[in-house]
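Peer 1: Sharing a sequence plus its predicted fold:
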Amino acid sequence: MSHSLKITFEGFGAPLRDTALVFAGEGAVLSPEASAALGETVAAVERAAKGERFTGKALASIVLLAPPDTEAARVIVIGTGAADDGKPLDLSMLGGTAMGLIGDKPATVVFSLDGRDSDAENAAEFALGLALRNYRFRKYKTKKDKDDEARGKPAGVTILVDDPAAARKAFKRRQAIADGVTVARDLVNEPPNVLYPASFAERAEKLGKLGVEVEVLEAKALRKLGMGALLGVAQGSVREPRVVVMRWNGAANEKDAPLAFIGKGVTFDTGGISIKSAGGMEDMKGDMAGAACVVGLLHALAARKARINAVGVIGLVENMPDGNAQRPGDIVTSLSGQTIEIINTDAEGRLVLADLLWYAQREFKPVFIINLATLTGAIMVALGTEHAGLFSNDDALSERLGEAGKATGEKVWRMPLAPEYDKLMDSKFADVKNAGGRHAGSITAAQFLQRFVNDTPWAHLDIAGTGMGAPASAINQSWGSGWGVRLLDRLVADNYE
């Protein structure tokens, strides 16, 4: 579990703690505030920069131990690059880089960027990076490893800014986002014997403490509704499915149409009768990363009291291959009434989403629907782990997601939808089949989903490459990334509040 990091804001001139951290622009130039805070130690910094050939390149760093003429035990200098090079500085990545260098020592950050804006919003974004990098999941380690022993618990970071009150206010919103990301990461990292449909639903119910209305639909209710596609996936497991509906009503008019977010929550995916190979199957505990994101997002929206109405719907199932499991060749009837021929039981996430998509648009008539799912390995072949695949029936929604991705670093890449691909999902025996063969696997999966969306603006995010096991970064050292919480919160804040 992640340690809580205490982040405070004070004005320039406050005393430096064990670790002092400052920034240097191009040419290793310190800002006046940084120079004033370090005093005569600036000369030692200049000598160290020359000796280490440190030029202030963005995110490069030097560390001075026991520098003269200061009470700080360490001085860390991080480069911010040239202010006029046309490249925006990613302040959350800067914060993550700083946290990686700070470790467990008390630290004071002089937040003054030479030639760049050092306002309260930027200081808060930097602090968000600190909080995101601080996350660790060590819940099940009974013995501390060397990294834990060396690091210990973070002692806290004080950020010196021009306007501490404004920075505190700006960070309050970002603290809610960081907490939402933590919720999502914790869920993805949990083992499948601990996190299964019923226990996942219980975790989601904790959102009630933030004012989110939570309803849990159990198997009997799902059968009554007619969610035959979702139930077909679950029938091979002794653990019964759940659908969790979470509603945040933050708009001035509670009758305003909500924004709808839907998450695939396969808490473990063996592939069913079409069983996966043994190598790497343990990673299939993360096949619920889409649902984890939706829960984390609702946490963030509620914690910062977002001025919108939002609904989150997650389908929680376990895909297992027992004697009652569905078979290739079976035909199930979805909530929409459309029949689905099962070609491959490992194409299960789209069956879960099919019923949820129909349910959300029928029950809530939302402004839009965005679903997230670790849906296909094919999207990783196409895009690797740097972008999530974006499929949509709406250009405006796609553009807004793209802009939010650029702003947060949770990038999306729009993929095609077309009738020619849709033909690949036609079935000889039912209205549609659930797998279309090797070619264009991520596209045909999206085409399948589109059959369960009418005229509602809709976007499907395939996060198989980004939701779990993505490469570590300055702001994420966790296997479960919590990807999507910051993206969707930014989409909401920039366009719908």
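Peer 2: Cool, got the structure.
Peer 1: any idea how far Glu254 is from Arg247?
Peer 2: Here the criterion is Cβ to Cβ, to the nearest Å. By it, Glu254 lies 10 Å from Arg247. Quick note: C-beta positions are derived from backbone N, CA and C, even for glycine.
Peer 1: Which residues are in contact with each of the two?
Peer 2: Asn309 (Cβ atoms under 8 Å, 6 or more residues apart in numbering).
Peer 1: Please identify which of those two sits among more neighbours.
Peer 2: When neighbours are counted by other Cβ atoms under 10 Å, Glu254 and Arg247 differ, and Arg247 comes out ahead with 19 against 10.
Peer 1: before we move on, what SS does the more buried one have?
Peer 2: Classification of Arg247 by DSSP: H, G, I helix; E, B strand; the rest coil places it in strand.
Peer 1: From what I see, Asp186 and Arg136 are in contact.
Peer 2: No - taking contacts as Cβ atoms under 8 Å, Asp186 lies outside contact range of Arg136: 10.8 Å.
Peer 1: And those two? Which one has more around it.
Peer 2: Neighbour count, other Cβ under 10 Å: between Asp186 and Arg136, Asp186 has more, with 22 against 18.
Peer 1: what about the more buried one, which helix or strand?
Peer 2: The secondary structure element spanning Asp186 is helix 164-189 (assigned by DSSP states H and E).
Peer 1: buried ones in that helix?
Peer 2: 164, 166-168, 170-171, 173-189 (16 or more other Cβ atoms under 10 Å).
Peer 1: other SSEs contacting that helix?
Peer 2: Using 3 or more Cβ pairs under 8 Å, 6 or more residues apart in numbering; DSSP states H and E as the contact criterion, the elements in contact with helix 164-189 are strand 7-11, helix 120-133, helix 289-303, helix 485-495.
Peer 1: Which is the succeeding secondary structure element to that helix?
Peer 2: Moving toward the C-terminus from helix 164-189, the first helix or strand encountered (DSSP H and E) is helix 197-205.
Peer 1: and that next one, what other elements does it pack with?
Peer 2: Counting by 3+ Cβ pairs under 8 Å, 6+ apart, the packing neighbours recorded for helix 197-205 are strand 213-217, strand 242-249, strand 259-269, helix 289-303, strand 309-319.
Peer 1: Just give the closest residue to Thr345, not the sequence neighbours.
Peer 2: In space, not counting the residues next to it along the chain, Thr345 is nearest to Gly272; the distance is 3.3 Å by Cβ to Cβ, 6 or more residues apart in numbering.
Peer 1: Next, find the distance separating the one you found from Ser237.
Peer 2: As for Gly272, its distance to Ser237 is 9 Å (criterion: Cβ to Cβ).
Peer 1: And these two? Which one has more around it.
Peer 2: Per other Cβ under 10 Å, whichever of Gly272 and Ser237 has more neighbours is Gly272, with 26 against 22.
Peer 1: confidence score at the more buried one?
Peer 2: Gly272 is assigned a pLDDT of 98 by the prediction.
Peer 1: List the buried residues of stretch 117-134.
Peer 2: For stretch 117-134, the neighbour count (16+ other Cβ under 10 Å) marks 118-134 as buried.
Peer 1: Show me where the stretch 351-497 of the chain has its helices.
Peer 2: In order along the chain, the stretch 351-497 of the chain carries the following helices (DSSP state H, counting those that start in this stretch): 378-383, 395-408, 419-422, 441-450, 485-495.
Peer 1: Can you list the neighbours in contact with the longest one?
Peer 2: Right, helix 395-408. The set of residues that contact helix 395-408 without belonging to it, under Cβ under 8 Å, 6+ apart, is 92, 368, 370, 387, 390, 392, 410-412, 414, 457-459, 461, 486-488, 490-491, 494-495.
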